[in-house]
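K.L.:
Provide a 3D model corresponding to the input given below.
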Amino acid sequence: MAGKQDARAAALVVGPDGVVSGWSESGRLLLGWTAKEAVGRPVTDLLAAPPPPGFPESSGSGPDHTALIPLRHRDGSTVDALVSAHPLFGADGRALGHAVTVQRWERRPVIADLAFEQSPFALGVYDPELRFLWINASSGRVIAHSEEQVLGKKYRELFPEFDRELFPERDDKPYTDQLSEVARTGKPARLITVFQPLGSNYANAWATSIWPVRDAEGRVRAVANWGFDMSAEYWARQRLLMLNEASRGIGRTLDVIGTAQELARTSVPGFVDFVTVDLFDEVLRGEEPPLSPASGSGSGEAIALSRAATHRAKDDTDRAPGPPVPVSHAPASVAVRCMATGRSTVELATEPGEGGEWAFGPGLAADPAHWPPGNPLIDESIAAEGLTGRITVPLRARGALLGVVAFSRSDRPEAFTADDLILAEELTAKAAVAIDNARRYSRERTTALTLQRSLLLQRLPSQEALEVASRYLPAGTGAEVGGDWFDVIPLSGARVALVVGDVVGHGLHASASMGRLRTAVRTLADVDLPPDELLTHLDDLVIHLASDLQPAGHFQPTGEFGATCLYTVYDPVSRRFTMASAGHPLPLIISPDGTRTPARAQPGPPLGIGGLPFEATELGLPEGSLLALYTDGLVESRERDVDQGVAELLRVLNHSVTSLEGLCDTVMDALLPERRTDDAALLVARTRALDPQHVADWDVVPDPAQVPRARKFALEQLDAWGLEEASFVTELVVSELVTNAIRYGEPPIMLRLIRDSSLICEVSDASNTAPHLRRARAFDEGGRGLLLVAQLTQGWGTRHTTDGKTIWCAQTLGEPQPR
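P.N.:
Numbers count the residues shown, from 1 in each chain. From the prediction side, this is the model:
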């Protein structure tokens, strides 16, 4: 039995009479018969079953013959063997019998040859010059040639190289290059190639291994390869890669149209040749989509949408996308049906395969059972559109229908598979969530911008102390609205307050908080508080606002809700500029000669910290000085830090320009990047000085007898100014205010008249007691003075100073009378 295991093949000679005339030692190992026992016996005694008809030819003149024949072992067992008979001839052509070779069926090379020949993998052997030595049946099917057609011929003789630009799907150069490399270096290699085999309409993916075949001395005598169609696995991996790319690419921007375009670009050309994304107009505007947009399909009404994105494989990807284009889908269209049912539809121009078989090329066979009900739909009409197939998917997110997406193939012959439908739905689902997020963001951003614009200064107030221009730009698309604000507030005594602030955070909350702070600043400015005191009160307000956002009993002043603010006051009479900062950048000041005047102020902490003081700084400014107040969004960005931005702002500011509006435009264009991530506010002002001839003051002796003199002083000054029409009201006001100062105030007392856009009357004294309006009873002798002042003038108030207080009132002036 051991012999049966050791022998691979045996040889014997059979004479013309069918008698064994020669026996080999391998015959003994294979069948157990010795030469003495076998020679002289009929060959039929060695057979366990009758031989096939005509084997071997008794005449010995027939061709080679091979057959699978069971042989009898000496121990009585049966040995299956592949028996080949080769006719033998003498020099004279006389038949001498047959040389017979016997190979055990289950041992190499018999079983190996059959296994290789019947292998489902493509197997082949080339000589070092890439001439075919052998191919199996599977390889013959791939290259559409039989073994007899290719043997001894070079690869390129049979398969000329295709133009890779004209036929990219048939590019087999990587394969042939690798064959040559293995033949040259003797190093095995592996590769994956995607190409369209001859005779096939589909581009397949092939995994190939190539190795050298060496002789006993190690010389490369041949190159062998095997390959298998891994199209199903390859395209499944490509789908996963595409989904991964979609996860990174779709939803990068919080923009509805941009997200739709990302979906279209991601799908082309790796998946399809053409994509359209149609959205409802409400979605584009950031509004809620219609509740039942497809209800009209049953009533014969078309559905109107807007084509937010379209992308073809041959499009120029660098071309800027155009605006959405209105489109209309007929009631019976596939798109309307998909939107109405919420289910996707696959349309194919023709039924692939023959005899109803869903064959999608080698390795891409698809079981019809994998298709959802109703799919695929054979629609020959789409061929008129130049399409081979189309997948229509409703665009839904969070239960709302946003639109519809169509994935189309035109240039490639592959029919869609059930896996392609899954991929299309996955891509659409990712895009739908991103589009809905962008829609919600757009709605919130629009709301925040509307709120912010309603709370910001709509137009600059009329005043004579400063020439002012401003700009405010919200953050760019994809960024939330911030809480930047600015204000110009006319104050008493012809003074003007310039304010710039920035609330921490973004969104609706920041806009609402900005509005509250701006209102608070205006209210505190009306009280005429000094800048440092105003910021102290504002700091307390921010702390209270922060506490309102905390759960009861859990408030801690962490500064998470806060703001920065710069409050400045300019007095055109004294040309003094006072400022105080709560964590905000100080203003830039440029003198008329171009010299930068340093703002030697110490910024205080941001608002909302609490417990720390603010410091006011006062400095004199020459007439024509340029002031620039700004928020950090103007000078800070991803490309530069704050110091670089401030230096750039100083460079751009030109004190000699005549138009501050043009200067604002120049600054914004120079400093703001195209993609802004924060709001930016700029307030530019040029100082003016009030003509000394328009200011008159008089020291009042604290004696009631001085009241008539004060009236006379005021009337004479009005006459000098040509303001006689204001004499009556001014005489009454001066009389009342001076009388009150003498009666209730403390010396020194001073009367001052200022002629600006209005006529301002001020009476100052050293007392800190502030007057207030009260309702006088019928028989009261006093209490009607301030009420009279309030009724006769367009505004009045009290301004506290370090030396006391000032009571003021203002009258609106008409055109001055010529003298």
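
K.L.:
can you give me the strands in the stretch 551-700 of the chain?
P.N.:
563-571, 576-582, 588-590, 617-620, 626-630, 680-687, 695-700 (DSSP state E, counting those that start in this stretch).

K.L.:
Remind me what the second one packs against, helices and strands.
P.N.:
For strand 576-582, the elements it packs on are helix 531-548, strand 563-571, strand 617-620, judged by 3 or more C-beta pairs under 8 Å, 6 or more residues apart in numbering; DSSP states H and E. To be clear about C-beta, it is placed using only N, CA and C from the backbone, and glycine gets the same treatment.

K.L.:
per-residue pLDDT, Gly62?
P.N.:
Note for Gly62: predicted pLDDT of 52.

K.L.:
circling back to that earlier point, of all the helices and strands packed on strand 576-582, which one is nearest Arg638?
P.N.:
Closest to Arg638 of those, according to C-beta to C-beta: strand 563-571, at 20.5 Å.

K.L.:
Tell me how far the closest one lies from the chain's centre.
P.N.:
39 Å (C-alpha atoms, centre = their mean, to the nearest Å).

K.L.:
so Glu347, which of the three states?
P.N.:
Taken by DSSP: H, G, I helix; E, B strand; the rest coil, the conformation at Glu347 corresponds to strand.

K.L.:
Tell me which residues touch it, please.
P.N.:
334, 376-379, 382, 389-392 (C-beta atoms under 8 Å, 6 or more residues apart in numbering).

K.L.:
Could you report the distance from it to Glu385?
P.N.:
10 Å (C-beta to C-beta, to the nearest Å).

K.L.:
does Cys809 belong to a helix or a strand, and which?
P.N.:
strand 804-812 (DSSP states H and E).

K.L.:
just checking, what packs against that strand?
P.N.:
Contacting strand 804-812 under the criterion 3+ C-beta pairs under 8 Å, 6+ apart are the following elements: helix 727-744, strand 758-765, strand 795-801.

K.L.:
switch to 10 Å and redo it
P.N.:
Strand 804-812 sits against helix 727-744, strand 749-755, strand 758-765, helix 785-792, strand 795-801, with contacts defined as 3 or more C-beta pairs under 10 Å, 6 or more residues apart in numbering; DSSP states H and E.

K.L.:
pLDDT of the third one, averaged?
P.N.:
The reference is to strand 758-765. Mean pLDDT, strand 758-765: 91.

K.L.:
ok, that strand: who's next to it in the sheet?
P.N.:
strand 749-755 (antiparallel), strand 804-812 (antiparallel) (DSSP bridges).

K.L.:
Leaving out chain neighbours, which residue sits closest to the residue nearest in space to the middle of the chain?
P.N.:
Centroid-nearest residue in the chain: Arg252, 1.3 Å away (criterion: C-alpha atoms, centre = their mean). Closest residue to Arg252 apart from its sequence neighbours, by C-beta to C-beta, 6 or more residues apart in numbering: Glu262 at 6.8 Å.

K.L.:
Which pLDDT value goes with the one you found?
P.N.:
On the pLDDT scale, Glu262 gets 90.

K.L.:
any idea which helix or strand comes after the helix or strand that contains it?
P.N.:
Assigned by DSSP H and E, Glu262 belongs to helix 256-267. Next in sequence after helix 256-267, counting helices and strands by DSSP H and E, comes strand 274-279.

K.L.:
so how far is that following strand from its chain's centroid?
P.N.:
For strand 274-279, the distance to the chain centre is 18 Å (C-alpha atoms, centre = their mean).

K.L.:
Okay, angle between that strand and helix 256-267 too, please.
P.N.:
Angle between the axes of strand 274-279 and helix 256-267 is 160 degrees (criterion: axes from the mean of the first three to the mean of the last three C-alpha atoms, to 10 degrees).

K.L.:
Could you list the domains of the chain?
P.N.:
Split into domains by automatic domain parsing, the chain comes to 2-111, 119-229, 235-445, 461-550+560-687, 692-812.

K.L.:
Could you say which helix or strand holds the closest residue to Val220 other than its chain neighbours?
P.N.:
Distances taken as C-beta to C-beta, 6+ apart place Pro212 nearest to Val220, at 4.5 Å, with adjacent residues excluded. Pro212 belongs to strand 204-214 when assigned by DSSP H and E.

K.L.:
returning to what we had before: of the helices and strands packed on strand 576-582, which is nearest Leu672?
P.N.:
strand 563-571 (19.5 Å).

K.L.:
list the contacts for Tyr234?
P.N.:
192, 194, 204-207, 363 (C-beta atoms under 10 Å, 6 or more residues apart in numbering).

K.L.:
so is it in a helix, a strand, or just coil?
P.N.:
helix.

K.L.:
heads up, I number from 27, so please use that
P.N.:
OK, 27 is where the count begins now, so the last one is Tyr260.

K.L.:
I am finished for the moment; much appreciated.
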